[in-house]
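A.B. asks: below are the sequence and a predicted model for it; my questions follow.
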Amino acid sequence: AQKVTQAQTEISVVEKEDVTLDCVYETRDTTYYLFWYKQPPSGELVFLIRRNSFDEQNEISGRYSWNFQKSTSSFNFTITASQVVDSAVYFCALSELTNTGNQFYFGTGTSLTVIP
Amino acid sequence: DGGITQSPKYLFRKEGQNVTLSCEQNLNHDAMYWYRQDPGQGLRLIYYSQIVNDFQKGDIAEGYSVSREKKESFPLTVTSAQKNPTAFYLCASRDRAALHFGNGTRLTVT
């Protein structure tokens, strides 16, 4: 079973629109971490945010905001007033601690295109 | 600057040849990871290493091998046993917060 589901494969928005990328996760652990990464066309995955399972406070960083809801096992990412530079593939990830170390599980990514 | 260096960026090989992808980090991280990325499939874990001289198989280790003789280096060998090696390969190291990735190596086998 997929531990991290990003149901939106591709999204296109017009510049300055707001866009929300959905992420649903599955875990039986009480302690875990959630992440968002951005992959621009150059290929490198850029770390955006980490959230631990005990902190459900929403976070805002400039035009980016994240909504973590344990009740629905979701960790959604909103970009406000999107810009062309936001065009990329965005990955949501879950980290669990196992007896062989930290395991990371990635969703299949959402490709965002911002149209000028 | 601290970071993770993967080389080369593009690699071409003939079928049946082994090829080694380089991954070096100067972040003093203990843990390192190799992922494979195929279109529409996200990232799949090949191997990871929590400490020098130790490594574990990931979800798709068949046809790959690794070594971890130094903290800074975690090379990945794609062997001729890997049935479909053409892909984008990403190396990462982990600090207390997150995985940090290199720029990737795009391997094409013909």
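C.D. replies: Perfect, thanks for sending it.
A.B. asks: neighbours of residue 38, how many?
C.D. replies: You didn't say which chain, so I picked chain A. By other CB atoms under 10 Å in any protein chain shown, 18 other residues sit near A:Lys38. Glycine gets a C-beta too; all of them are placed from N, C-alpha and C.
A.B. asks: wait, chain B was what I had in mind.
C.D. replies: Other residues close to B:Asp38 by other CB under 10 Å number 12.
A.B. asks: chain neighbours aside, what residue packs nearest to it?
C.D. replies: Spatial nearest neighbour of B:Asp38, excluding adjacent residues (CB to CB, 6 or more residues apart in numbering or on different chains): B:Ala87 at 5.3 Å.
A.B. asks: quick one: the helices in chain B?
C.D. replies: In chain B, no segments count as helices under DSSP state H.
A.B. asks: low-confidence ranges in it?
C.D. replies: Within chain B, the stretches with pLDDT under 70 are B:1-2.
A.B. asks: center of it, which residue is that?
C.D. replies: By CA atoms, centre = their mean, chain B has its centre lying nearest to B:Trp34, at 3.4 Å.
A.B. asks: from chain A, how far off is that one?
C.D. replies: Separation of B:Trp34 from chain A (CB to the nearest CB, to the nearest Å) stands at 12 Å.
A.B. asks: thought that residue was touching B:Tyr47?
C.D. replies: Yes: taking CB atoms under 8 Å as the definition, B:Trp34 is a contact partner of B:Tyr47 at 5.0 Å.
A.B. asks: joint contacts of those two?
C.D. replies: When contacts are counted by CB atoms under 8 Å, 6 or more residues apart in numbering or on different chains, B:Trp34 and B:Tyr47 have B:Gly58, B:Tyr64, B:Val66, B:Leu76 as shared neighbours.
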